[in-house]
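# Test case, fold it:
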Amino acid sequence: MYNKEMQKDKSLGLNALLNSLQSLLNLVFPLITFPYVSRTLSVDGVGKYNFASSIVSYFILLAGLGISNYAVREGAKLRNDRKAISSFASRVFTINMVSTLISYLILFLVIILTPVLHNYVVAILIFSVQIFFTTLGTDWVYTIFEEYGYITIRNLVFKIISIVLLFIFVRHSNDYLNYVAITVIASTGSYVLNFLHARKYCDIRLDFHFKWDNYVIPILVIFGSRVAIQIYLSSDVTMLGFLQNEYVVGIYSTATKIYGIVGALLTALTAVTIPRLAMLMGQGRIDEYNQLLKQVVNTILFIVLPGIAGLFMVSQDVVIIIAGEKYLRATYALKITCFAMLGSAMSAIFNQCALIPAKREKRALISSTTSALLNIGLNFILIPIIAEKGAALTTVLAEITMMFMNFYFSRDITGFVFKDKETWKNIITVLLGCVGIVAVCALSYDIFRQMFIRLIISVIGSTIIYVVILLVTKNQIALTFLSKVKQR
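Numbering: from 1, shown residues only. Reported below is the predicted structural model:
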């Protein structure tokens, strides 16, 4: 007799492996493509690309509503009944097509009524192809059925295709439209395959005969949170495009791209524990939850704080190596933005590991909306004065605000961590280690003139001095890590 439990355990293990591979791909490919694009295109070209992309991102969001999150939450209950899941998927898909049509109508109206966008109309229209194909792609079907193998393979294939096309068609500083088209081709190709392959799991068709209120109302509640987060993420680039120019957008986008790569790298190790924490809370295993939460918070501080210190000190060399000297101005924005990593990492823990599992979505919406409004308001004040540095500063302030608000709303769940003496000992010893990192990097900058040698010495020297300081001060995480290394 076929053992379904063994298949389930094997599937969970495989999915974990595939998710790790997916995260690795998302880190590696920007390290390959971004240095090439930033050097090949002009700063203005990078700025035009990112500004047009930021405009279309709002309309992709509008077309998507909260449908993906809703579909995964509700569809997972029906996946063993093909008739039921087909009916559900068809209704969700129909709502998505209607919202897509509305999104296109509003986009065309905005383009016509906004003269500033006329200079970017070709790029925006090319990017807008993604709106329809994102809907057609029905990615939520594959999440419902946990088809991580298909998602990973598809992602890898189209990333490779996009890299090949990039090296062939993006060769000159004025080829930014080619880069836009390649981005769209890479994503739309996978979405077409998605739609065709989805027939394996359910039958999707247009279906207008159902009670729309039962679907639309919960979708719109989820949509509210997504709007706030998207505005928060994209408003900097959009407002720089309106209040400054594409050159400034290109500079700022370079800083945030590097920040994003480093931030993802630093938090990748802890991200896998977030679903486990949510599961433990959902099952009422509070003691296990508290133990793991404390470990995760301390590990994040252990990794992110030295990451901030190191990136701040070597930001100039990193910008030159990854993007080139013409993006040197991005150094200042990167130095400011790197401090947002702490707020982003901690806010995610408070939100995903406490508020959402505790069904406090409305409080999460309050914190994300407040941060988004703060970000936009400060952008209007600071961007005209200090350009990309103002956008970077507002990002830091908004991230920190969201962190504190999410902590406040979850303090009855997470507050015990910061009342623990071991946590504060960890924070103090980590900060001492950060002082060592700053000292090593400053010394390397004074001694070594060759940039690559200076960066290598800074990274290796900082790592050594950080570990030594933490072991000397008996940091518990460092001692635990050392013990595991010795056992192996």
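# Model confidence for the nearest residue to I336 once chain neighbours are set aside, exactly?
In space, and not counting its chain neighbours, I336 is closest to A392: 3.9 Å by C-beta to C-beta, 6 or more residues apart in numbering. To be clear about C-beta, it is placed using only N, CA and C from the backbone, and glycine gets the same treatment. Model confidence at A392, expressed as pLDDT, equals 93.
# I figured A392 hits A333, correct?
Yes. At 4.2 Å, A392 counts as touching A333 under the criterion of C-beta atoms under 8 Å.
# So for those two, which sits in the more crowded spot?
Just comparing A392 and A333: by other C-beta atoms under 10 Å the higher neighbour count belongs to A333, 30 against 27.
# Show the subsequent helix or strand relative to the helix or strand encompassing the more buried one.
A333 belongs to helix 330-337 when assigned by DSSP states H and E. Scanning forward in sequence from helix 330-337 by DSSP H and E, the next helix or strand is helix 340-350.
# Report the distance from that next one to the chain centre.
12 Å (C-alpha atoms, centre = their mean, to the nearest Å).
# by contact count, what packs against it?
helix 246-271, helix 286-323, helix 361-409 (3 or more C-beta pairs under 8 Å, 6 or more residues apart in numbering; DSSP states H and E).
# Please name every helix or strand in contact with the shortest one.
Pointing back at helix 246-271 there. Against helix 246-271 (3+ C-beta pairs under 8 Å, 6+ apart) you get helix 4-40, helix 43-64, helix 213-243, helix 286-323, helix 330-337, helix 340-350, helix 361-409.
# got it, and the longest one?
Contacts of helix 361-409 with other secondary structure elements, assessed using 3+ C-beta pairs under 8 Å, 6+ apart, are made with helix 213-243, helix 246-271, helix 330-337, helix 340-350.
# Show me the one of these that comes nearest A181.
Taking C-beta to C-beta, helix 246-271 is the member of the helices and strands packed on helix 361-409 nearest to A181, at 18.2 Å.
# Single out the most deeply packed of the helices and strands packed on helix 340-350.
Mean neighbour count (mean count of other C-beta atoms under 10 Å) peaks for helix 246-271 among the helices and strands packed on helix 340-350, with a mean of 22.
# Can you check what angle separates that helix from helix 286-323?
Per axes from the mean of the first three to the mean of the last three C-alpha atoms, to 10 degrees, the angle that helix 246-271 makes with helix 286-323 is 140 degrees.
# can you state the direction angle for helix 246-271 and helix 330-337?
Using the same axes, to 10 degrees: helix 246-271 against helix 330-337 is 40 degrees.
# tell me the angle helix 246-271 makes with helix 43-64.
60 degrees.
# Off-centre distance for helix 246-271?
9 Å.
# now stretch 211-229
With C-alpha atoms, centre = their mean, you get 21 Å for stretch 211-229.
# Can you list the buried residues in it?
Y215, V216, I219, I222, F223, S225, R226, V227, A228, I229 (16 or more other C-beta atoms under 10 Å).
# Point out where the protein drops to low pLDDT.
Low-confidence segments of the chain, defined by pLDDT under 70: 1-28, 73, 146, 148, 232-233, 268-276, 278-279, 282, 488.
# Might you report the residue contacts of the closest residue to V237 other than its chain neighbours?
Distances taken as C-beta to C-beta, 6+ apart put S54 closest to V237, at 4.2 Å, once the chain neighbours are dropped. By C-beta atoms under 8 Å, 6 or more residues apart in numbering, the contact set of S54 is S234, V237, T238, G241.
# tell me the contacts of E399?
By C-beta under 8 Å, 6+ apart, the neighbours of E399 are A340, L342, G343, S344, S347, S371.
# re earlier: turn the helices and strands packed on helix 340-350 into CSV, columns for distance to K484.
Converted to CSV, the helices and strands packed on helix 340-350 look like this (distance: least, C-beta to C-beta, whole Å):
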stretch, distance to K484
helix 246-271, 13
helix 286-323, 13
helix 361-409, 30
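# And these: which comes nearest V468?
helix 286-323 (12.7 Å).
# Break the chain down into its structural domains.
18-210, 244-419, 431-488 (automatic domain parsing).
# circling back to that earlier point, for the contacts of S54, which one is nearest N379?
T238 (9.1 Å).
# Give the closest residue to the closest one in space, chain neighbours not counted.
T238's closest residue in space is S54 (C-beta to C-beta, 6+ apart), at 4.6 Å.
# Can you give me the separation between Q295 and H197?
39 Å (C-beta to C-beta, to the nearest Å).
# Now R205, what are its backbone angles?
The phi/psi pair for R205 (degrees, to the nearest 10) reads phi -150, psi 170.
# which ones are touching it?
So R205 contacts S90, F93 (C-beta under 8 Å, 6+ apart).
# Next one: it from K77, what distance?
Per C-beta to C-beta, R205 is found 21 Å from K77.
# A345 - how many residues pack around it?
For A345, using other C-beta under 10 Å, the count is 24.
# who's in contact with it?
G263, L266, T267, T270, I300, V304.
# ditto for A387
L240, Q244, V248, Y252.
# re earlier: with distance to K425 as extra columns, can I get the domains of the chain in a markdown table?
Shown next, in a markdown table, are the domains of the chain (distance: least, C-beta to C-beta, whole Å):
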| stretch | distance to K425 |
| --- | --- |
| domain 18-210 | 31 |
| domain 244-419 | 10 |
| domain 431-488 | 7 |
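# most packed of these?
domain 244-419 (a mean of 20).
# Quick check: end-to-end length of it?
45 Å (C-alpha to C-alpha, to the nearest Å).
# Now do it: distance to the chain's middle.
10 Å.
# any idea how far A354 is from N426?
The value you get for N426 to A354, if C-beta to C-beta is used, is 20 Å.
# scratch that, P115 is what I was asking about
46 Å.
# Repeat that for A228.
A228 is 18 Å from A354, by C-beta to C-beta.
# And V318, by the same measure?
Distance from V318 to A354, by C-beta to C-beta: 33 Å.
# likewise S234?
The value you get for S234 to A354, if C-beta to C-beta is used, is 26 Å.
# same question, Q283
For Q283, the distance to A354 - C-beta to C-beta - is 15 Å.
# List the residues that contact Q230.
Contacts of Q230 by C-beta under 8 Å, 6+ apart are S57, Y58, L61.
# Recalculate using a threshold of 10 Å.
Residues in contact with Q230, defined by C-beta atoms under 10 Å, 6 or more residues apart in numbering, are S54, S57, Y58, I60, L61, L62, G64, S368, A372.
# And for S173?
S173 neighbours (C-beta under 10 Å, 6+ apart): R39, T40, L41, S42, V43, D44, G45, V46.
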